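>>> got a sequence here, can you model it:
(2 chains)
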There are 2 protein chains.
Amino acid sequence: MHGPRPTLEAVAAHAGVSRATVSRVVNGGAGVRKSLRDRVQASVAELGYVPNSAARSLVTRRTGAVAVVIAEPETRVFSDPFFAQQLRGISRELAARDTQLLLMLLEGRTDYDRIGRYLAGGHVDGALMFSLHRDDPLPSMANASGLPTVFGGRPGWPGAEDDPDLLYVDTDNRGGARQAVEHLRRRGRRRIAVITGPLDQTSALDRLDGYLDALGLTEPDPALIAHGDFTAEGGERAMAELLDRSPGLDAVFAGNDLTATGALRTLRARGLRVPQDVAVVGYDDLEQAAWAEPALTTVRQDIQGMGQMMAELLLQRLGLADASGGGRPAPVVTPARLVVRASS
Amino acid sequence: MHGPRPTLEAVAAHAGVSRATVSRVVNGGAGVRKSLRDRVQASVAELGYVPNSAARSLVTRRTGAVAVVIAEPETRVFSDPFFAQQLRGISRELAARDTQLLLMLLEGRTDYDRIGRYLAGGHVDGALMFSLHRDDPLPSMANASGLPTVFGGRPGWPGAEDDPDLLYVDTDNRGGARQAVEHLRRRGRRRIAVITGPLDQTSALDRLDGYLDALGLTEPDPALIAHGDFTAEGGERAMAELLDRSPGLDAVFAGNDLTATGALRTLRARGLRVPQDVAVVGYDDLEQAAWAEPALTTVRQDIQGMGQMMAELLLQRLGLADASGGGRPAPVVTPARLVVRASS
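Residues are numbered from 1 along each chain as shown, chains lettered A, B, ... in the order given. So this is what the prediction gives:
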């Protein structure tokens, strides 16, 4: 099916010029007479020659592609719509600059080595990384690769805060969580439990801090906290733990919307009414939040917009877009906003 | 944050040898004295030098990566679990051969140009393409790129059948559909409708042929056919059309499981009981099929296994795996099997 790809040599022979001349024309044509340039371009067109980017990237040092690495097993990437929305934002922004998104799928720790080699290998112009956990090797791999990198979510590793070049896009997780729990208090709830996300992620830590802020606490009440993992199954399990431990709770702030849908399932199974017996608030405002039974009160963050901003920051760092105000690219933290529905 | 990456020149200077010597050592060390080789390798290790793959691929002509292109907008890729399962199979097989899966996301027609350039540019060793529609430019792009390519699903473009080098993995869609409709007939159903998939895809065409086979027809009854698009929304709409046109129908064979869940929604909304009033059969056996209310009778295909086989065929064509029986790699068609549940 596949004929051989025409080579630089074939173009040179066809045009009756040297390889070096073809190479110069293909890479911009500087220092080549117009008549020669036209002749080479005609041969390129006639033979359907496509310059080999591996060769060309040695000259231009550009591949036209950006890698996206999500530090989660692919099963989660495909089951949590958060990732699809963020990818949509990234993909649109990159496409607008004629840059290709390459999603590098991974399943576990052993895949990081191979990804690290690929990133270090000059195949992409930059990288976007998200859903980092505290001990992920990705940031050090990015560092070793020398690739311009933008992170999704506030980086949590030691020293990150002091790095003036670090670029990331985050949302105001702490403020969003505070709004959610203040809302529950205003509705008269007194025993407000929390289901956390994985506490090796800054988003989960910041949401827990916002919960504590709103209750004026520095430490959570051990009877009213359970640990989830940002999945529905985790929420289901954590809600059961909380009800076993504190049957009198009257509200729960869930780490994200998937966690909240799991919590709703457990409440239904135990015959508890939402919101009459227990009010539930989620986080993210995924489409599922509006469809849930009852429709879920949640904290909206502009997930697709955050993806778009990550891509935009990377393009700025690559010199393919201007930083706003003409300054240097800088981290972005977007606002979070409570959306009140039937569950609270 | 990112220090400059050590260059070949830096390694040469550190080891006190020429660039050419470093290059030879990095690319296997042929023709370099052991003492020199050791010295260069020590410098490589000390400086943390990673050979630039763009440069190296000029020598080895290998990038260690395989592109996956799904001819659907990313919103569908992320909402139909079929794709996630197929990708899982591909990713596992490639990872086992230390090859990286690069998923190239696209949104529409305008993205094909950029993807074509990337594929033709020497960035990947091969490509896997699936969910092709009749007029997709992807096959001709693959051809122009000179890349070894394996297709998911039987290719439907003119001349495809006569190409002895064409590699694809398909499932027995026609046989599977025949089983589904024969089952409905055995259960005494007499007015069996069909909701097709997009008829510019061979999978949808083959399933329609299997439906006709089982009913002994050459043309569908216009009152009992409606067109879907392999989505739940499409199934919902098509089921409504069918009921408006043929209120007496007693069964429906849906193009895939998502279509069937949409059909179930419409039947419920119209107050019809499944299977008492209308029996429903889907296709794919996604996880959702077993959870549906009522649980869905469907045709099981080994989706993850098909992904795995696509990757395996590509690795064979790349000379990285042996073809079974030691022969040339050849297309694979996997069996389909009816799974009877409560909906029929």
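>>> just the helices in the stretch 201-344 of chain A please.
A:202-215, A:232-245, A:257-269, A:287-291, A:303-317 (DSSP state H, counting those that start in this stretch).
>>> so which other helices or strands are in contact with the second one?
Yep, that's helix A:232-245 we're talking about. Under the contact criterion of 3 or more Cβ pairs under 8 Å, 6 or more residues apart in numbering or on different chains; DSSP states H and E, helix A:232-245 touches strand A:192-196, strand A:225-227, strand A:251-254, helix A:257-269. Heads up, the C-betas are built off the backbone N, CA and C, glycines and all.
>>> now the farthest one out in chain A, which residue is it?
A:G16 (50.4 Å; Cα atoms, centre = their mean).
>>> which parts of the stretch 101-250 of chain A sit against chain B?
A:101-105, A:107, A:110-111, A:114-115, A:117-118, A:120-123, A:142-149, A:163, A:165-166 (Cβ under 8 Å from any Cβ of the partner chain).
>>> repeat that with 10 Å
A:101-108, A:110-111, A:113-124, A:139, A:142-149, A:159-160, A:163-167 (Cβ under 10 Å from any Cβ of the partner chain).
>>> in helices only, show me those residues.
Those of those mapping onto helices are A:111, A:113-120, A:139, A:142-145, per DSSP state H.
>>> would you list the buried entries among these?
A:111, A:114-120, A:139, A:142, A:144-145 (16 or more other Cβ atoms under 10 Å in any protein chain shown).
>>> show me which of those residues is closest to chain B.
Chain B has its nearest neighbour among those in A:A120, at 4.2 Å by Cβ to the nearest Cβ.
>>> burial check on A:A330, number of neighbours?
14 (other Cβ atoms under 10 Å in any protein chain shown).
>>> is it correct that it is in contact with A:L167?
Yes: in this structure, A:A330 is within contact of A:L167 by Cβ atoms under 10 Å, at 7.5 Å.
>>> quick one: common contacting residues for the two?
Shared contacts of A:A330 and A:L167 (Cβ atoms under 10 Å, 6 or more residues apart in numbering or on different chains): A:313, A:316.
>>> which residues touch the residue sitting nearest the centre point of chain A?
Closest to where the C-alpha atoms of chain A average out (Cα atoms, centre = their mean) is A:F130, at 4.2 Å. Contact analysis of A:F130 by Cβ under 10 Å, 6+ apart lists A:68-72, A:82-83, A:86-87, A:90, A:138, A:150-153, A:168-169, A:306-307, A:310.
>>> cool, A:A290 as well?
A:257, A:296, A:298, A:339, A:341.
>>> per-residue pLDDT, the residue of the stretch 101-250 of chain A found nearest chain B?
Across the stretch 101-250 of chain A, the shortest distance to chain B (Cβ to the nearest Cβ) belongs to A:G121, at 3.3 Å. We have a pLDDT of 78 for A:G121.
>>> could you give the number of residues near it?
Other residues close to A:G121 by other Cβ under 10 Å number 21.
>>> also A:Q85?
Counted with other Cβ under 10 Å, residues neighbouring A:Q85 total 22.
>>> any idea how far it is from A:V77?
12 Å (Cβ to Cβ, to the nearest Å).
>>> ok, now A:L258?
Counting by Cβ to Cβ - A:L258 and A:V77 are separated by 13 Å.
>>> which residues in chain A form strands?
A:65-70, A:100-104, A:126-130, A:149-152, A:167-171, A:192-196, A:225-227, A:251-254, A:279-281, A:298-300, A:332-334, A:337-339 (DSSP state E).
>>> now those as JSON lines including mean pLDDT and distance to B:A290?
Conversion of those to JSON lines gives the following (pLDDT from 0 to 100; distance: least, Cβ to Cβ, whole Å):
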{"stretch": "strand A:65-70", "mean pLDDT": "94", "distance to B:A290": "28"}
{"stretch": "strand A:100-104", "mean pLDDT": "93", "distance to B:A290": "29"}
{"stretch": "strand A:126-130", "mean pLDDT": "95", "distance to B:A290": "32"}
{"stretch": "strand A:149-152", "mean pLDDT": "96", "distance to B:A290": "34"}
{"stretch": "strand A:167-171", "mean pLDDT": "96", "distance to B:A290": "36"}
{"stretch": "strand A:192-196", "mean pLDDT": "98", "distance to B:A290": "27"}
{"stretch": "strand A:225-227", "mean pLDDT": "98", "distance to B:A290": "29"}
{"stretch": "strand A:251-254", "mean pLDDT": "98", "distance to B:A290": "26"}
{"stretch": "strand A:279-281", "mean pLDDT": "98", "distance to B:A290": "27"}
{"stretch": "strand A:298-300", "mean pLDDT": "98", "distance to B:A290": "29"}
{"stretch": "strand A:332-334", "mean pLDDT": "96", "distance to B:A290": "39"}
{"stretch": "strand A:337-339", "mean pLDDT": "98", "distance to B:A290": "33"}
